[in-house]
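Chemist: Sequence first, predicted model second:
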Amino acid sequence: MAAPRPDEKAATMAPTSHADPASCTTSVSLDKDIAIGLVGEHAREIDPEIEARVLRKIDWFLIPAMIVGYGLVYYDKAILGSAVLFGMTKDLSLSTLNTSTNPPTTNTSRLSWATSLFYFGMLAGLYPMTFALQRFNLGRILGGVVILWALICMLTATVTNHQGLYAQRFFLGFVESIIPTGFMTIVSSYYTQREQAIRQSWWFSSTGLFTIIGGALNYGFAQITSGALKRWQYIYLLAGCLTLLFGIWCFFIPNSCAEAWFLTPTERIVAVERLRKGATGVRCQKIKVSQLKEAATDVKLYLVFLLMASAYTVNGAVSGFGPLIVSTFGWSTLESILWQFPLGGLCLFSILLCGYLSSRIPNIRLILLAANCLPVIAGCVMIWKSKWSYHAAAPVAGYSIIGSFGAVVSQTIVVGMSNVAGATKKSAMAAAIFVAYCVGNIVGPQLIKSQDKVLHYPQLWTGLIIWYVSVLLQLGSSSGMF
């Protein structure tokens, strides 16, 4: 082993019995955090320069790949909305014609269920994936599941009917359930409470970034006029191949910062000591019942659940029906895809801006949450009440500004995850956030009733307005809890 740098020798002041990480981590019991096995029971002073270097290394290893990974999660869900414009609806019989009405109406309930079933799969996968993340090697579990996700995504190109798409969406959701919970746990286990807000916003901003990137890719696929496959099949094959590359990277993720191979032994000690200041457990392999009881009686958990469910009702509608909704404003297929760019751009900007502000200004997170609810309410009203004529501007403007819901989600994640300590309690909060994420995404598509298009989908927009007004009221009554 190479000799430590001179500055590393002074990085920590610690008893010699705890100087060698390898000798310590092998004796950690299930009842002890691995972090305690590494650095001992007593806190140490750390060199700020070494701490800054450790933080940079962690950032460069984790954040770029997490941005790509979560972007892929969003992309392969959202491409369903573009795929239906490329012939998937007809090829898989996702819509039916109701001739009993005058005039006949198109029923898209099959498409709604195809969108919602993805999140039923996520709910089904929540417990086994969370258990696996808690009990087994993080990188191996994450890498194996992501590669399985890539294969299921590519197999979408072989689906020939709506029943097959139902099965594909369910199992795709099942395996993808590992990503949101896994990423929230990784960030809360590698970063201090003060650092979490901006880091959560970085990886979560990929929802806006990949709305733009995905829109550009889908626009390119729209130019295909001939070939062995349908245009929507090419989209899923590309998404699966990109996911496969991400899965290979996942195998290199360390189990915790106490075992990070990209840090030197002394840097690993510093990485753990940084977290001790905030009473943050790095990695505990035993589920602690006391922390589960604390989580079950914590009002914050239920308020965070309500916030997430509200925000993701918007996402459920936009990701599954966004381009289709825009096309009803009088825009062509290609134009409807391009109109996803302003939505994604605002989503990206609002997430990054709020992440930056919340990391710089104390006690501003709830204010940012409330402020970002307002454009969503305004956008829903504009879509609902404006005139849907050829190339109508008002509903498209309203559709674009609801992109601020991304900041609502990112701030909710930060508020929830940064206000709990202990590995088991963090997992409980992450699970609550995840269930709310699924509930909102299940409800959103079901509020789209094609037969009510002439009324501008009143169930969706009135429902969203009610949700967000209730969220604002909850924020006003609970500001002292966070």
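Modeler: The structure has been received and is ready for your questions. Fair warning: this is a prediction, and the values are worked out from it, not measured in the lab.

Chemist: What is the least confident helix or strand in this protein?
Modeler: Using mean pLDDT, DSSP states H and E, helix 21-25 stands out as the lowest-scoring helix or strand of the chain, at a mean of 36.

Chemist: where are the low-confidence patches of the stretch 251-400 of the chain?
Modeler: Applying pLDDT under 70 to the stretch 251-400 of the chain flags the ranges 277-287, 318-321.

Chemist: go again using 90 as the cut-off
Modeler: The stretch 251-400 of the chain contains residues with pLDDT under 90 at 253-261, 263-341, 343-344, 351-352, 354-400.

Chemist: before we move on, what about the stretch 51-200 of the chain?
Modeler: 51-52, 65, 70, 73-116, 126-140, 177-200.

Chemist: ranges for the strands of it?
Modeler: Secondary structure of the stretch 51-200 of the chain by DSSP state E, counting those that start in this stretch: the strands cover 96-98, 105-107.

Chemist: I'd like those written out as a markdown table, with distance to Thr185 and mean neighbour count added.
Modeler: For every residue, glycine as well, the C-beta is placed using N, CA and C. Below are the strands of the stretch 51-200 of the chain laid out as a markdown table (distance: least, CB to CB, whole Å; neighbours: other CB atoms under 10 Å):
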| stretch | distance to Thr185 | mean neighbour count |
| --- | --- | --- |
| strand 96-98 | 42 | 12 |
| strand 105-107 | 41 | 16 |
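
Chemist: and those as a markdown table, adding distance to Gly240?
Modeler: Putting the strands of the stretch 51-200 of the chain into a markdown table (distance: least, CB to CB, whole Å) gives the following:
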| stretch | distance to Gly240 |
| --- | --- |
| strand 96-98 | 29 |
| strand 105-107 | 30 |
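
Chemist: wait, which of these is closest to Thr130?
Modeler: Closest to Thr130 of those, according to CB to CB: strand 105-107, at 36.7 Å.

Chemist: For Phe246, which non-adjacent residue is closest in space?
Modeler: Leaving aside its sequence neighbours, Phe246 sits nearest to Gly69 (CB to CB, 6 or more residues apart in numbering; 5.1 Å).

Chemist: Pull the number of nearby residues for that neighbour.
Modeler: The number of residues packed near Gly69 is 21, by other CB atoms under 10 Å.

Chemist: now swap in Ile269 and tell me
Modeler: Ile269 sits with 28 neighbouring residues when counted by other CB under 10 Å.

Chemist: Same check on Arg110?
Modeler: Close neighbours of Arg110, defined as other CB under 10 Å, add up to 18.

Chemist: right, and it touches Thr96 too?
Modeler: Yes - checked against CB atoms under 8 Å, the pair Arg110 and Thr96 is within contact range at 7.2 Å.

Chemist: ok, Arg199 - contacts?
Modeler: Arg199 makes contact with 59, 63, 187, 191 under the criterion CB atoms under 8 Å, 6 or more residues apart in numbering.

Chemist: Please repeat the previous calculation with a cut-off of 10 Å.
Modeler: Residues in contact with Arg199 (CB atoms under 10 Å, 6 or more residues apart in numbering) are 58-59, 62-63, 66, 183, 186-188, 190-191, 355, 359, 414.

Chemist: so of those residues, which ones are in helices?
Modeler: Secondary structure from DSSP state H places 58-59, 62-63, 66, 183, 186-188, 190, 355, 359, 414 of the contacts of Arg199 in helices.

Chemist: Buried ones among those residues?
Modeler: Neighbour-count burial (16 or more other CB atoms under 10 Å) applied to the ones in helices among the contacts of Arg199 gives 58-59, 62, 66, 183, 186-188, 190, 355, 359, 414.

Chemist: Tell me the one of those residues nearest Gly215?
Modeler: Met66 (21.4 Å).

Chemist: nearest residue to the closest one other than its sequence neighbours?
Modeler: Trp203 (3.9 Å).

Chemist: Confirm for me that the one you found is in contact with Gly182.
Modeler: No - applying CB atoms under 10 Å as the test, Trp203 and Gly182 come out as separate, 11.1 Å apart.

Chemist: Can you pull the residues that touch both of those two?
Modeler: Counting by CB under 10 Å, 6+ apart, the common neighbours of Trp203 and Gly182 are 66, 69.

Chemist: Number of residues surrounding the residue nearest to Lys230 when sequence neighbours are not counted?
Modeler: Nearest residue to Lys230, sequence neighbours excluded (CB to CB, 6+ apart): Gly87, at 5.7 Å. Gly87: 13 surrounding residues under other CB under 10 Å.

Chemist: ok, now how distant is Gly87 from Leu172?
Modeler: 20 Å (CB to CB, to the nearest Å).

Chemist: sorry, back to before: for Gly316, find the nearest of the strands of the stretch 51-200 of the chain.
Modeler: Comparing these by CB to CB, strand 105-107 comes nearest, at 18.7 Å.

Chemist: Geometric centre of this protein: which residue is closest?
Modeler: In the chain, the residue lying closest to the centroid (CA atoms, centre = their mean) is Pro180, at 4.9 Å.

Chemist: For the nearest residue to that residue once chain neighbours are set aside, report the pLDDT, please.
Modeler: The shortest distance from Pro180 to any non-neighbouring residue, by CB to CB, 6+ apart, is to Phe434 (5.6 Å). We have a pLDDT of 80 for Phe434.

Chemist: Would you confirm that Phe434 contacts Leu123?
Modeler: Yes - under the criterion of CB under 10 Å, Phe434 makes contact with Leu123 at 8.5 Å.

Chemist: Now do the shared contacts for these two.
Modeler: Listed as contacting both Phe434 and Leu123 by CB under 10 Å, 6+ apart are Ser177.

Chemist: Look at those two and report which has more neighbours.
Modeler: The neighbour count for Phe434 versus Leu123, taken as other CB under 10 Å, is higher for Phe434 (23 against 17).

Chemist: Look at the more buried one and tell me its secondary structure.
Modeler: What DSSP: H, G, I helix; E, B strand; the rest coil gives for Phe434 is helix.

Chemist: Same check on the one 4 residues further on?
Modeler: The three-state assignment at Cys438 reads helix, by three-state DSSP.

Chemist: Is it correct that it is in contact with Leu117?
Modeler: No - at 11.0 Å, Cys438 and Leu117 do not qualify as touching, with contact defined as CB under 10 Å.

Chemist: residue ranges for the helices of the stretch 51-200 of the chain, please.
Modeler: 88-91, 109-135, 138-155, 162-176, 178-190, 193-204 (DSSP state H, counting those that start in this stretch).
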